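Novice: Give me a 3D structure for the following:
(one chain, ligands or ions: 1)
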Amino acid sequence: MQGTRSLFVPGPTNVPEDVRKAIDVPMEDHRAPDLPAFTLPLFADLKKIFKTDTGRVFLFPASGTGGWEAAITNTLRPGDKVLASRFGQFSHLWIDLCQRHSLNVEIVDVDWGEGVPLDIYAERLKADKDHKIKAVLVTQNETATGVQSDVSGVRTALDDAGHPAMLYVDGVSSIASVDFRMDEWGVDLAVSGSQKGFMLPAGLAIMCASEKALEASKSAGLARCYFDFQDMIQTNDSGYFPYTPPMTLIRGLRCSVDRLLDEGLENVFARHHYLAEGVRKAADAWSLRLCAKEPKWYSDTVSAICLPDGYDSGELLARAYHRYGISLGAGLSKVAGRVFRIGHLGDMNEVMLLSALAGTEMALRDLGVPIVAGSGVAAAQEYYRGAANGYSDLLITRAAAE
Ligand SMILES: *Cc1c(COP(=O)(O)O)cnc(C)c1O
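Specialist: Predicted coordinates for the structure are as follows:
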């Protein structure tokens, strides 16, 4: 096709031009004497993204799923009890991974469209007087349903119950896009991946472990080798890796971390909220419901939008892709066919998103979904023009400063 095919899936996200160029480097010696001068400051800056002083960052050659596995196998023993809630494909897959590692998962099933049930977590933790539960799992952003959960609320539930279980957060589609506070929220294991908020190709699990998690990793009983924290620590301490690291991705990561810190994390979060609000205004103008049931669950990185009965989101995606050259996210598993998703995270701005909304509108009309052409685009435009927010003032101030 002519022009660019546009990516509006919630990962992989668009890779900014400077990050792509940073990846395009000649192969290098990963045992070079000057490598630590590059890696040690990078690890230090990654801690700023996780908002931690006391935690330790790990980079594993893997996708987010590998990060889940590393978090679990480094800190738990076979048969350990894990409290987890399931409300979408990703929270489901993490539970599946725990079960395949012979953990005993106490599953709280929640309607898809809601998030982590704080009241139930609080009850279960209070009732667990013998502290059988060793780990509490939270999917901060359920990418399948566009639902964001309250991680700090889970920390409160743990503290109120005086419960020592460790807190594990899947932040693959939230960290570096929406607020995340490793230390303040007392998170013990945080998992992210390179291809979402970090704006890189897939291939790096980017994770962080608390001091408590590191202590547990000295004696945890699940089998691991490639993902062993202790092997990583031994070599990372001097700025190296225990095996050949994907240096091109790590060079790209340096660039993406610089971008995030230059923009300012709080501005990154404000931008994601602002972009997401425009998409929500569009869905509202189309009279289409979000999969997320209430505003408190709305995700600022991905919107899952429900089609009216009788329409197939698979057909919508195919139409959008073949006819208009845009990739939207599919409905997964339980919501397959009923939901389509617009990813609005990473290297994104309002005009890019308006093209996604315009393409979506045309594809919706082609399918016969009763929406008014231009209605969603207009609603988002009016929002972005700044009537209802201070974010456009911030953009103008920043542009003037550059
Ligand atoms: C993308 C994603 C993952 C991990 O997926 P990978 O394909 O292994 O990177 C895990 N959890 C969430 C919430 C995700 O969005």
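Novice: which secondary structure element contains residue 230?
Specialist: Here residue 230 sits within helix 229-236, counting by DSSP states H and E.
Novice: Give the other helices and strands that that helix contacts.
Specialist: Under the contact criterion of 3 or more CB pairs under 8 Å, 6 or more residues apart in numbering; DSSP states H and E, helix 229-236 touches strand 56-61. Every residue, glycine included, has its C-beta placed from N, CA and C.
Novice: Residues contacting the helix holding residue 230, please?
Specialist: 39, 43, 56, 58, 60, 70, 74, 209, 214, 217-218, 241-242 (CB atoms under 8 Å, 6 or more residues apart in numbering).
Novice: go on, stretch 320-333?
Specialist: For stretch 320-333, contacts defined as CB under 8 Å, 6+ apart pick out 1, 3-10, 88-89, 92, 144, 302, 304, 313-314, 316-317, 336-343, 355-356, 359-360, 362-363, 366.
Novice: Kindly write the PyMOL command that selects the buried subset of those residues.
Specialist: The following PyMOL line selects those of the contacts of stretch 320-333 that are buried, judged by 16 or more other CB atoms under 10 Å:
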select buried, resi 6+7+8+9+10+88+89+92+144+302+304+313+316+317+338+339+340+341+342+343+355+356+359+360+362+363
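Novice: got a pLDDT number for the closest residue to the ligand within the stretch 251-400 of the chain?
Specialist: When scored by CB to the nearest ligand atom, the stretch 251-400 of the chain has residue 302 as its residue closest to the ligand, at 8.1 Å. pLDDT, residue 302: 98.
Novice: Quick check: nearest residue in space to it, chain neighbours excluded?
Specialist: Of all residues not flanking residue 302 in the chain, residue 10 sits nearest, at 3.9 Å (CB to CB, 6 or more residues apart in numbering).
Novice: my guess is residue 118 contacts residue 155, does it?
Specialist: No - Residue 118 is not in contact with residue 155 according to CB atoms under 8 Å; the separation is 10.4 Å.
Novice: which stretches of the stretch 251-400 of the chain form helices?
Specialist: Ranges of helices within the stretch 251-400 of the chain are 265-285, 313-324, 350-367, 375-382, 391-401, based on DSSP state H, counting those that start in this stretch.
Novice: Now these in TSV, please, with extra columns for distance to the ligand.
Specialist: Converted to TSV, the helices of the stretch 251-400 of the chain look like this (distance: least, CB to the nearest ligand atom, whole Å):
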stretch	distance to the ligand
helix 265-285	14
helix 313-324	18
helix 350-367	18
helix 375-382	24
helix 391-401	25
